[in-house]
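Undergrad: I need the structure of the sequence given here:
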Amino acid sequence: MLGLEYSASRGIHQYSISNLNPLASGVAFLGQDPTVVDPLTRMNQQYSNINFRGSNGDSYYHGLNVRLQSNNFRKYGVALTANYTWSHTIT
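TA: Prediction:
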């Protein structure tokens, strides 16, 4: 017996977290000259990391399973089962 099975799922509006005050954001967002200021400066020097929690995460999953099964192979009573799964996920 040969079997092919496919499964997929998609998640939308999942929990996400992002840092609003990363290192070097002061140079990029405030337009500061990196030769004059410390390149590891933050946009808001008063705080280290500012985490923002949201619901804009997405996820995708695709999976394919190939199954080969044989019972009583060539009338010797040997059972053979083989599975192979290929899957891919993006989050």
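
Undergrad: ok, the residue lying closest to residue 15 once chain neighbours are set aside - contacts?
TA: Once flanking residues are discounted, residue 15 sits nearest to residue 57: 6.0 Å by CB to CB, 6 or more residues apart in numbering. The way it works is simple: take the backbone N, C-alpha and C, and place the C-beta from them, glycine included. Each residue near residue 57 by CB atoms under 8 Å, 6 or more residues apart in numbering is listed here: 11, 13-16, 91.

Undergrad: Need the max-distance pair from those residues.
TA: 13 and 91 (13.3 Å; CB to CB).

Undergrad: which strand of the protein spans the most residues?
TA: strand 51-73 (DSSP state E).

Undergrad: Could you double-check that residue 10 sits in contact with residue 62?
TA: No. Using CB atoms under 8 Å, residue 10 is not in contact with residue 62, being 9.7 Å away.

Undergrad: Can you pick out the residue with more neighbours from those two?
TA: Ranked by neighbour count (other CB atoms under 10 Å), residue 10 and residue 62 place residue 62 first, with 14 against 10.

Undergrad: now stretch 19-29: mean pLDDT?
TA: Averaged across stretch 19-29, pLDDT comes to 73.
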